[in-house]
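[1] 3D model of this:
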Amino acid sequence: MDTNINQTIENNIKNRIYGHDRGWCFTPKHFMGLGSETGIRKALSRLEAQGFIRRIRQGLYDYPHIHEKLGVIPPSVDAIAKALAERDKIKIQSTGAYAANILGLSDQVPARVVFVTDGPPKKIKLGNLVIVFRKTTAKNMANAGTLLGLIIQAVKYIGKDYLTDKMALQLKTHLKNIDQKTLEKGIRYAPVWIGKYLTKLHGSLNG
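    Numbering: from 1, shown residues only. A predicted model of the protein is given here:
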């Protein structure tokens, strides 16, 4: 391939990467239209060799966040999962202990993170971290990618009998960012007890 073409592809990829914050994860498919598949992969290899980007695993890279004292920071689970979801054109939703941790309901940081998805099931290992995409129903994906979807998954994980007053206060800080209409529409796809619980918390925001 012509050297000028190679350089053009590389520069265009860098410009697209610059359009994102550090910590952004991506795959070669994120640069479709900037060159041939081979040209894009070769450009990414060169950028990796230059230390501009980091290869996390085959076909997955990030624009690493560099901390002044800690050095290069590992990419977030969300950034990795989002990149893979965008590549495969699927929807995903955080679940379980990870969802609870994101919302500040739990200090537990799981080594096995599960996302429900409308795409095919898969498991990805990155060092000690395991990311699981678990196929689920359309109903369970109705609120995917939204704050309400995250709240529903976290509350479901904790369970009706283990929700504390402290957790309720924390949930209220998130529920205040959801309007009544969005809540009413979304909880139709949640277990009945969760719908009643969140409706009660939301109603108490102005009380």
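[2] Now name the helix or strand holding the residue minimising distance to the centre of the chain.
    Central residue of the chain (Cα atoms, centre = their mean): D78, 2.9 Å from the mean position. Following DSSP states H and E, one finds D78 within helix 77-88.
[3] what about that helix, average pLDDT?
    The pLDDT scores in helix 77-88 average 96.
[4] mind listing what's buried in it?
    V77, D78, A79, I80, A81, K82, A83, L84, A85, R87 (16 or more other Cβ atoms under 10 Å). Where you see a C-beta, it was placed from the backbone N, CA and C, and this is true even at glycine.
[5] Would you confirm that the residue nearest to the centre of the chain contacts S94?
    Yes. Under the criterion of Cβ atoms under 8 Å, D78 makes contact with S94 at 7.4 Å.
[6] Kindly tell me how buried S94 is, as a neighbour count.
    24 (other Cβ atoms under 10 Å).
[7] just checking, V116 touches K139?
    No. Between V116 and K139 there is no contact under Cβ under 8 Å: 10.8 Å.
[8] neighbour-wise, which of those two wins?
    A direct count of neighbours by other Cβ under 10 Å for V116 and K139 places V116 higher, at 22 against 10.
[9] what secondary structure does the more buried one sit in?
    strand (DSSP: H, G, I helix; E, B strand; the rest coil).
[10] mind checking how far it is from S76?
    19 Å (Cβ to Cβ, to the nearest Å).
[11] same question, L126
    For L126, the distance to S76 - Cβ to Cβ - is 12 Å.
[12] can you check Y18 too?
    In terms of Cβ to Cβ, Y18 sits 19 Å off from S76.
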